[in-house]
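**Student:** could you work out the structure for the sequence below:
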Amino acid sequence: MQFIDLHTHSQASDGTDSPGQLVGNAHAQGLAAVAVTDHDTVSGLDEAEAVARELGLEFVRGCELSTSTELGEMHVLGLWLPRDLAPLQDRLKYLRRKRSERNIRIVEKLQGLGVEIELDEVLHEARGESVGRPHIAAVLVRKGYVKDVSEAFKEYLGYYGRAYLPKEVLQPEEAVSVLSSLGATVCLAHPMLQKLPDGWLEAFIERLLPCGLTAIEAYHSEHSEAASRRCLELARHYGLSVSGGSDYHGTNKPRIRLGKGYGSLRVPYSVLEDLREMRARRGLPC
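**Tutor:** Predicted coordinates for the structure are as follows:
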């Protein structure tokens, strides 16, 4: 059986592999297809696609957008992005500007806590277009303030950390609508990662269906078997397609392996075939 990975992150956002390296690793792992879905940027897609073409690996152009809800962030994946991305680029530019402003303020808070860190160090660590907390965490690890990224988030950067600041993100309807308007398959990412009140997720899906939501990520490194089954039930109930991926970030999430998650994740090629069939029924290119 062939397997795929439709949720990965490269150095263009908060992964550690270059886009080309990520695709090369996917090919070396024997995957039949891979999507690159960086946070708030599409700058790595051309490189990744070119390497995939050389290797004969099926490639899906994607991105991941964070959205704001009353219960915290929910993420949305756009798959099969076209090359003309003007409407999306405007929003991505806005998000990156807000993220940059937040980075400056987080660094200032860290400095106020006695941490010797400069913004230039964070930018050097990132090397990509989308710079965020994982890059700050990497600097904290390198300079010995924490032992690993997990501790950096627990002590400083996570919700209860001493230097935490919320980030400005899109409203869910806006994120779904702009991706849908481009002809992307719009997928609710890892919806079971947080405990939600009864009925909340169903109501959230119903809010987004008119905006163009077409899929749900059932298979994910941090989804239990029960969580995957629940997503499959929701997909059947609402007529959504199903997607899946590891959420690979390279050494920033060292336990998550490309295409395999923590070791047990397997997204069969049939998932990609079903997504392609859905797109064909809607008259969308693959």
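
**Student:** so Ala48 is in contact with Gly24, correct?
**Tutor:** No. Counting by CB atoms under 8 Å, Ala48 does not reach Gly24; the two are 9.6 Å apart. Backbone N, C-alpha and C define where each C-beta goes, glycine included.

**Student:** these two: which is more packed in?
**Tutor:** Remark: of Ala48 and Gly24, Ala48 carries more neighbours, 30 against 18, as counted by other CB atoms under 10 Å.

**Student:** mind listing what that one touches?
**Tutor:** Ala48 sits next to 10, 19-20, 22-23, 36, 59 when contact means CB atoms under 8 Å, 6 or more residues apart in numbering.

**Student:** okay, and the beta partners of the closest residue to Leu77 other than its chain neighbours?
**Tutor:** Nearest residue to Leu77, sequence neighbours excluded (CB to CB, 6 or more residues apart in numbering): Cys187, at 4.2 Å. Counting by DSSP bridges, Cys187 forms beta bridges with Leu77, Ala215.

**Student:** next step: the contacts of Ala48 restricted to strands.
**Tutor:** 36, 59 (DSSP state E).

**Student:** could I get the buried residue list for stretch 141-151?
**Tutor:** 141, 145-146, 149, 151 (16 or more other CB atoms under 10 Å).

**Student:** ugh, typo on my part, it should be stretch 209-225
**Tutor:** By 16+ other CB under 10 Å, the buried positions in stretch 209-225 come out as 211-221, 223.

**Student:** nearest residue to the middle of this protein?
**Tutor:** In the chain, the C-alpha nearest the mean C-alpha coordinate belongs to Glu64, at 4.2 Å (CA atoms, centre = their mean).

**Student:** relative to its centre, which residue of this structure is most distant?
**Tutor:** Gly114 (32.1 Å).

**Student:** residues touching that residue, list them.
**Tutor:** Gly114 neighbours (CB under 8 Å, 6+ apart): none.

**Student:** ok, now how distant is it from Lys143?
**Tutor:** Remark: distance between Gly114 and Lys143 (CB to CB, to the nearest Å) = 12 Å.

**Student:** quick check, Asp90 in a helix?
**Tutor:** Yes. Under DSSP: H, G, I helix; E, B strand; the rest coil, Asp90 sits within a helix.

**Student:** residues near it, how many?
**Tutor:** 11.

**Student:** same check on the one 5 residues further on?
**Tutor:** Around Leu95 sit 21 other residues, with neighbours defined as other CB under 10 Å.

**Student:** same thing with Cys63?
**Tutor:** 28.

**Student:** make 56 the starting number, not 1.
**Tutor:** Let's use 56 as the start, then, which means that last one is Cys118.

**Student:** who does it bridge with?
**Tutor:** Cys118 forms beta bridges with Gly133, as assigned by DSSP bridges.

**Student:** now do the contacts for it.
**Tutor:** 92-97, 132-133, 136, 143, 147.

**Student:** this completes my enquiry, with thanks.
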